[in-house]
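1. Requesting a structural model of the entry that follows:
(one chain, ligands or ions: 1)
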Amino acid sequence: MGDSHPILVGTNPLGGTESLTYASYLGLPQLLDLQRSQSNPPEHDEMLFIVIHQTYELWFKLMLHELEKVKREFSAGELYGSLHTMRRCRTIMKTLVGQIDILETMTPMSFTSFRDRLETSSGFQSSQFREMEFLLGYKRPGMIKHFKAGDPATELIQRRLGERSLIDHFYDFLQQQGVVIPKALMERDVSQPNVGDEAVQDGLFRLYKTRPDLVILFETMTDFDEGLQEWRYRHVKLVERTIGAKQGTGGSMGVEFLKKSLFQPVFADLWAFRHKL
Ligand code: HEM
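-> Predicted coordinates for the structure are as follows:
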């Protein structure tokens, strides 16, 4: 970022009178002070482990921000807006998958050297990942038990559970494109997971045949969905090569538990009729 970059112009958002710098705008002193090893003396690879997870959480934060925008764009019937934002989400997802390569440079022995220090902390407790699943319509209410009651993060997940998912907003969009969405689907209990629906699939099939402009959006959503499934697969393999058949620090059976969500799409309707096309 150069000196004349527009985001560096202005007063300090923290209320000070000093002009912004690259470091103060980005909060770098705070950000770069957050990589705290639990191992003592610090194990070399624990830095990698912390930085990777923090980076994921930052991407999850952006992803939630972007997916919220897609929801609004769907309900407003904005094809180009939703396509643009969905393309960004798809690209972030590809980055989430690619980052696993970096963590796979850590050997099982290296991870074992500091794993005990993680105690019972686990990706199970990533509230933003769970928010992302719920926002997408992949709702597993049982997962909330891994979070402390009353925590602000737990309340956010609870709120997502009771909110219309991205798929519910997608129904609004399809309805505006002439698809008849069954009343029961529009009035469904939104705290339940979205499941495939034949009427929606029939409507999508017709749009695939007649509306090449919409197909670009649907295929971008399919890319995103495939990306999330890829992430799950790469994560299982990462776990398998790093801890083998050990239980997870979060208390699950580890690899065996994670395998259950493999190959499960979030946008089931977009996968269901492809053999007919
Ligand atoms: C050495 C690296 C890693 C190992 C050994 C590992 C291991 C595990 C295990 C065993 C689970 C199952 C829950 C449990 O019992 O703890 C899990 C879940 C999870 N991990 Fe990882 N993980 C690793 C890296 C990562 C990274 C980099 C992320 C990125 C955020 C991540 C995110 C998650 C998430 C979101 C879950 C919950 C998945 C679900 O419920 O479907 N993990 N991990």
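2. Pull up the gap between the residue nearest the centre of the chain and the ligand, please.
-> By CA atoms, centre = their mean, the chain has its centre lying nearest to Met132, at 4.5 Å. Distance of Met132 to the ligand, given as CB to the nearest ligand atom, to the nearest Å: 9 Å. C-beta: built from backbone N, CA, C; applies to glycine.
3. cool, and Val195?
-> Val195 sits 18 Å away from the ligand, taking CB to the nearest ligand atom as the criterion.
4. quick one on the thing from earlier: in contact with the residue nearest to the centre of the chain, which residues are there?
-> For Met132, the contacting residues are 60, 63-64, 67, by CB atoms under 8 Å, 6 or more residues apart in numbering.
5. Kindly recompute the last result at 7 Å.
-> Residues counted as contacts of Met132 (CB atoms under 7 Å, 6 or more residues apart in numbering) are 60, 63-64.
6. Double-check that it belongs to a strand.
-> No. Assessed with DSSP: H, G, I helix; E, B strand; the rest coil, Met132 is helix; it does not lie in a strand.
7. what kind of secondary structure is the closest residue to Ser113 other than its chain neighbours in?
-> Once flanking residues are discounted, Ser113 sits nearest to Glu43: 4.8 Å by CB to CB, 6 or more residues apart in numbering. Secondary structure, three-state DSSP: Glu43 is coil.
8. Count the neighbours of Glu43 for me.
-> By other CB atoms under 10 Å, the residues close to Glu43 number 19.
9. Could you list the buried residues of stretch 211-223?
-> Within stretch 211-223, the residues scored as buried using 16 or more other CB atoms under 10 Å are 214, 217-218, 220-223.
10. Tabulate those (JSON lines), appending pLDDT and secondary structure.
-> Shown next, in JSON lines, are those (pLDDT from 0 to 100; DSSP: H, G, I helix; E, B strand; the rest coil):
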{"residue": "Leu214", "pLDDT": "98", "secondary structure": "helix"}
{"residue": "Leu217", "pLDDT": "98", "secondary structure": "helix"}
{"residue": "Phe218", "pLDDT": "99", "secondary structure": "helix"}
{"residue": "Thr220", "pLDDT": "98", "secondary structure": "helix"}
{"residue": "Met221", "pLDDT": "98", "secondary structure": "helix"}
{"residue": "Thr222", "pLDDT": "98", "secondary structure": "helix"}
{"residue": "Asp223", "pLDDT": "98", "secondary structure": "helix"}
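11. Which residues of the stretch 151-277 of the chain lie near the ligand?
-> Within the stretch 151-277 of the chain, the residues that sit near the ligand (CB under 6 Å from any ligand atom) are 235, 238-239, 242-243, 248-252, 254, 257-258, 261.
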